[in-house]
Structures are given as structure tokens and as C-alpha cells.
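*Asks:* Below: sequence and its predicted model.
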Amino acid sequence: MLEKNNPKAWLYLLPALIFMIVFMVYPIIDVFVYSVEEGYNFVSQRSSGFGLYNFSYVLHDTYFLQAVKNTFIMVIITVPISTGFALLIALALNSITKLRELFQTVYFLPYVTNTLAVGLVFMVLFKKTAYSDGLVNLLINFFGGESVDFIDGPYWAKMFVMCFYIIWIVLPFKVLLLTSALASVNKMYYNAAKVDGTGSFRIFMKITLPMISPTIFYLVITGFIGAFKEYSDAVALFGTDLNAAGMNTIVGYVYDMLYGDSGGYPSFASAAAIILFTIVLTITCINLLVSKKHVYYT
Amino acid sequence: MKVVLDSLTKIFPPRMGKGEGVTAVKDFTFMIPDGTLVALLGPSGCGKSTMLNMICGLEKPTEGKIFFGDDDVTDLPSENRGVGMVFQNYALYPHMTVYNNIIFPLGNLKGKEKLTKEQMKERADKVASLVQIEQLMQRKPGELSGGQQQRVAIARALVKTPRLLLMDEPLSNLDARLRLQTREEIRRIQRETGVTTIFVTHDQEEAMSISDVIVVMKDGELHQSGKPQEVYDDPANLFVAKFLGTPAINIFEARVEKETLKIGEDTVLNVPGVRDGAVIAGIRPEGFIYDKEGGLKCELDRVEVMGRDISIVSKNPACEAPVVRSIIDSDERPKDGVKTVTFKLRPNKVHLFEPETGARIRFGRR
């Protein structure tokens, strides 16, 4: 029998607990405190009082609003497309037998490639300078279109590259998980459905999809969270001055407020971080509620 | 609907393209009469599940043809054959309720056959009451016992009123008591619906007790088929004789001299018309008559009481198994202190076989 509140148990938990408290619990509390301290001075470490001014400032900051808009567009575009696309690839991988391992490796390669290296490749593919065009522009020209500057040009072009990039980066992991989820569905269900005369689309909708729904749900939740925390990929494509490029994200805004050229405002940064936290929490809760109805766990 | 299997052969290709393939079913020809319950019986690995998969279309025969009635269905895909199948592990969709599992096949009907929700419910209710699961309709398969899952699987297979019902080891996942009960159920359901049914089993008792026809298979080949009692009473070869019957048939090394059967030094039976030489004699447990005048002498080991009958367990050096098991009426039990028991034999319970091939040697009666 295990006794409750065994001191030994606490002892074993201690190393992990110390790390958790020092590097997670304390900073989180600190962020909350910062976010409500008004007029906080980094050097003197003093503030003039407590209130919600920081939030009000951040919510009226055009850079922040731009960052929120950018982030939401990225989330709404990349999460469904990357998950759906990964599912298609996983289904294809699952239905071939020849060269399956080869293709699995190929699809997994982007995952082990450095973000900045991929960013460089994207620059080469999409850039346009006064003297040269990237590969994509050469293609557009070939089909009779006008060159577009994807890196420094119009907003939609930049957003297109950004989303393309994010999807490209997150795809391998999703493909990997979905392939193994598909492989783990017992073949007897397919046989049973086949004998009962079920068409392949109905088999997919009524059997495959519910059976792999936990994995899909996991990918959607982590996909939402990951996309809301988007930052490094934007830097890889557009450089560190994201505000100037108009491609900043919420995390990027937090970073800029702390360390960027306009930095040194931990209170504003904290307020923005809290807002991001609230958004992610809300979305995740909605996801959980929706999943209760549609996800089947064995 | 009758089912005709015409010289079916299934060879699984070798792994990695090397060596020879595995022949699971070899030149199998058989006709299953309309409305009968047929058991495919054989030890595991004899190709009986492969047979079933070929009939339902999940496997394609390497050679041979399958007819449903007069239609050649050999190349017809599984989904167009209109068979119902109960899988060994039932294969109930775990994320659907029992009701949704049962109506799932109905959702596949297209065109004119398409059913409204009310019609589906009607059909589901009808089949549910047939297998007596009306009160389980809103549960998930995970919340059911093995026997209940079995019933749901049967209901799902029957709901679209298939031309043919196939069952793969339908009772193997049930405990002993439930197995007895469920096999009666299967018999009853088959009688009530009149659907031609083929079921696969390795349990000879199961096969004998409920089927109209049993088909004994070994190594992919048909060994014997017929009514259970006929196959039991008149086995075609040593394998069939050994495979059918509990307790199993007693096998002796014996020889025939001048039309009499000799086991060891004992002269046990007249076998007119059999040439002299070594034979294998199979004697059913109920073929022994405990009789002081009897020719077969055995050393008594013990007596097992089973109520109506008793089973005399004795030893004989010529017997293949360590003990000879004979079932006799309990009134005739040997007295205490008896060391040697002697038996007369019932000629119709004694079967002779060629020692090399295992083929049956028939003898006349005088």
C-alpha cells in the first residue's frame, strides 16, 4: 500500500519541482505582476502604481493590432491546410507499398532541416531584386505573369510566402504521426466494411476518420498553439525588423517590446504576453469542447 | 441460394519473391445446398479461413471458380457479393453504438434499394429481436460482453438479408458455457431465417452438433463431407476418424490373419474380405462391450464415472495412445480388484486403415 503524503515521494519530485517553480511558476507570476505595474522603470525597478493601462496601451498600438491580425491569418490558413495536406500525404503513403520507406524519409527531411537554412532556400525561390528574379518569379514569367516581390512586396505576397513556409515546416511531423495512426487501424474493420459493400469514401469518413480522430485532434491543438507562437519563421524570411516589414507576430511584438529597437518595456511586453495567453487558452478550450463530440478514444 | 466451389486453389506468393508459395487450398470442389448450415472443419492452418475469405471476396482464388446460385462471382468484388460475414473478433466498429453498427450495412444501399431512416430502424429492430439484443441498442461495443458482441455481429451480418452468411470461428472467443448456448442460438437463427450459412471451426464437437453438413479439411484439401453422423460412422480415412469424436477414437497397431483381426496376441474380430497383413485399427470408445468372454485383453488402469456412463481407462501395448478409453453402461462396471478387463467389439464401431496411406479398408459383415 502506498501512503498518501509520503515524504519520500516529495523528495523524488523535488528536482523537477524546483525547476518548475524557478523557470515556470515564478516567471508566470512575474509576468502577471509586470503586466499590471504602470510606468515601470527597468533601471530603477520601480513603478508608479497598478492598473490596466499597459493593456490599454498595447490594445491601441497599431503594431500590436497588425501583429494580432498577422498571427490570426497565419493560424486560420496554416492549421487546416497543413493538417489536411498531411492527411492526404499520409493516406497516399499508407496505400503504396513500393518505395514507401523512401517517401517517408523524403517527407520527413524538412523536419530535421534547420529553420534558417530553409528560410534561405525560400529567399532564393521567392525573392526579386532589380537585377534578378527567383525561381518562382521565373515560373510566373514563363506563364506570362508579372514578377512579384514576395519578400519585400505587397502584403498578400508576403503573407503567402509566410504561410507556405509554415506549412512546409510543420508538415513532416504531422505526416509522421498520421501515417502511424493510419497504420494502427485494425485491418479487420476495413474488411468488415468491404464485405458489407461500403464504398471507399464512406469507409474513410465513417471508419478511418473516427479511428484516427485522437491524432488529428492532437495535431489541431498543437498546431493552433504552435501557430499562435509563430515568430522565428517570420524572422527567417523577413529579417528581425518585422514591424517595418509589416509581418510581425504577437510573440515578435513581445520580443520587440523587451529587446528590440523600441524595447525596454517589460510591462507592455507582459501585457501582450498575457493577451496571447488568453487567446490561446480560449481557443484550446473551444477545441476541447468541440472534440468531446467528435473525437473517439478507445 | 446454393454455393458451388469449383476446383478452388489458393497459392499465396512467396515472401520476398523467393522460394515456393504456400498452397492454402488445393483443388477444392464442393456444392453447398440452399438453406443449409455447413461447417468447414479442420485443424488450424488447414486453409478453412482462406476458403471463407475467397467465398466472401476478400481473397482472390488462384484457380477455380465460385458460383452463387448460377452466377459466377469469382471476379466480383467483395462489396457486390451480398454476403454477410461474422468475423472471428467480430470487428464491431468501436466508435459506433450497437444500433449504428447494425444499420451500417444498410447505409451502403443505393438507388432503388435506398432506405429511409424509419425503414432502417424497422429492419434493425427486427434483426435485433431475432438475436435478442433489443435492450442494448444504445450501448457501445466496448460495454458489451463477448456473447453480446457476438450477437451484434450476427445482427449486423443479417440486417441486409444476405444471400449467404459466413462465420469465421464464431464461438472461439466465448467461454465454454456461452459457447454451448450460442451454438444453439446460431442454429435457431439459421433455421428462422433459412439463410445458407457456412461457418468455420476447428472444434469438431461444435461442427457436429449444429450443422447439416460438415466438410472436413486438412492441408487445404477436402477429406470428407456429409451429414455429421455419417461422417462419424463412416470415416473415409484415418485423419477423419481421428479428428471426429470426443473422446477420440482408440488407434491400435494390428494385423489381419485369415480374415480375423488380431491386436497383439488377441483375436478380436472377424473381418471378412480383408487381405492378410498389417493394418491400423480404430475403435470408437463406444465400440467396446465389457464381456468376460471378450477377445481384447487390457490392463485396467482406472474407472471414471460420468453418471449415465462410465469410462474404463485401460492399457494395451498395441495402442498408439498411452491409454485405451472405452465407454460402457454404468451397470456393467468391473468389480473392485479386477486387474485385467476383456472386451468384445461392435463391428460397426471398428474401422481399419492402411498403415502407410491411412486409407480406409472396408470389411463385410457375417
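*Replies:* Yep, it's here.
*Asks:* CA atoms for contacts and neighbours, from now on please.
*Replies:* Fine.
*Asks:* count of residues packed around the closest residue to residue B:96 other than its chain neighbours?
*Replies:* Nearest non-adjacent residue to residue B:96, counting by Cα to Cα, 6 or more residues apart in numbering or on different chains: residue B:140, 6.2 Å away. Residues lying near residue B:140 (other Cα atoms under 10 Å in any protein chain shown) number 19.
*Asks:* Who are the contact partners of residue B:140?
*Replies:* B:94, B:95, B:96, B:97, B:98 (Cα atoms under 8 Å, 6 or more residues apart in numbering or on different chains).
*Asks:* Not counting its neighbours along the chain, what's nearest the closest residue to chain B within the stretch 101-250 of chain A?
*Replies:* Per Cα to the nearest Cα, residue A:197 is where the stretch 101-250 of chain A lies closest to chain B, at 3.5 Å. Sequence neighbours aside, residue B:79 is the residue nearest to residue A:197 in space, at 3.5 Å (criterion: Cα to Cα, 6+ apart).
*Asks:* Residue B:286 too?
*Replies:* residue B:327 is the one closest to residue B:286 (Cα to Cα, 6+ apart), at 5.1 Å.
*Asks:* Do a quick rundown of the strands in the stretch 1-150 of chain A.
*Replies:* A:37-38, A:49-50 (DSSP state E, counting those that start in this stretch).
*Asks:* quick one, which of those is nearest to chain B?
*Replies:* The nearest among the strands of the stretch 1-150 of chain A, by Cα to the nearest Cα, is strand A:37-38 at 51.3 Å.
*Asks:* next one: that closest one to chain centre, how far?
*Replies:* Taking Cα atoms, centre = their mean, to the nearest Å, one finds the center of strand A:37-38 at 31 Å from the center of the full chain.
*Asks:* List the neighbouring strands of that strand plus their orientation.
*Replies:* strand A:49-50 (antiparallel) (DSSP bridges).
*Asks:* Which of the strands of the stretch 1-150 of chain A comes out lowest on mean pLDDT?
*Replies:* Mean pLDDT values for the strands of the stretch 1-150 of chain A show the minimum at strand A:49-50, a mean of 79.
*Asks:* What's the end-to-end length of stretch B:304-312?
*Replies:* 6 Å (Cα to Cα, to the nearest Å).
*Asks:* For it, which outside residues touch it?
*Replies:* Stretch B:304-312 is contacted by residues B:300-303, B:313, B:324-330, B:333 when judged by Cα under 8 Å, 6+ apart.
*Asks:* could you redo the last one with a cut-off of 10 Å?
*Replies:* B:247, B:285-286, B:288, B:290, B:300-303, B:313, B:323-334, B:341 (Cα atoms under 10 Å, 6 or more residues apart in numbering or on different chains).
*Asks:* still on that earlier bit, would you list the strands of the stretch 1-150 of chain A in CSV and tack on mean neighbour count?
*Replies:* Below are the strands of the stretch 1-150 of chain A laid out as CSV (neighbours: other Cα atoms under 10 Å in any protein chain shown):
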stretch, mean neighbour count
strand A:37-38, 20
strand A:49-50, 12
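*Asks:* Minimum distance to residue A:94: which of these has it?
*Replies:* Closest approach to residue A:94 among the strands of the stretch 1-150 of chain A (Cα to Cα): strand A:37-38, 54.9 Å.
*Asks:* what does chain B have sitting close to chain A?
*Replies:* B:53, B:56-58, B:77-96, B:104-109, B:142, B:156-157, B:160, B:162 (Cα under 10 Å from any Cα of the partner chain).
*Asks:* any low-confidence regions in the chain?
*Replies:* Using chain A here. A:1-4, A:42-43, A:129-130, A:262-263, A:298 (pLDDT under 70).
*Asks:* Let me rephrase: I mean chain B.
*Replies:* Ranges of chain B meeting pLDDT under 70: B:16-18, B:365-366.
*Asks:* can you list the domains in it?
*Replies:* Domain assignment for chain B by automatic domain parsing gives B:3-243, B:250-361.
*Asks:* and the end-to-end length of the longest one?
*Replies:* Translated: domain B:3-243. 26 Å.
*Asks:* re earlier: give me the PyMOL select line for the residues of chain B next to chain A, limited to the buried ones.
*Replies:* Applied in PyMOL, the following selects the buried portion of the residues of chain B next to chain A according to 16 or more other Cα atoms under 10 Å in any protein chain shown:
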select buried, chain B and resi 53+56+57+58+77+78+79+81+82+83+84+85+86+87+88+89+90+91+92+93+94+95+96+104+105+106+107+108+142+156+157+160+162
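*Asks:* thinking again about what came up before, dump the domains of chain B into JSON lines; add distance to residue A:92 as well.
*Replies:* Compiled in JSON lines, these are given as follows (distance: least, Cα to Cα, whole Å):
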{"stretch": "domain B:3-243", "distance to residue A:92": "22"}
{"stretch": "domain B:250-361", "distance to residue A:92": "52"}
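*Asks:* ok, now how distant is residue A:211 from residue B:112?
*Replies:* Separation of residue A:211 from residue B:112 (Cα to Cα) stands at 31 Å.
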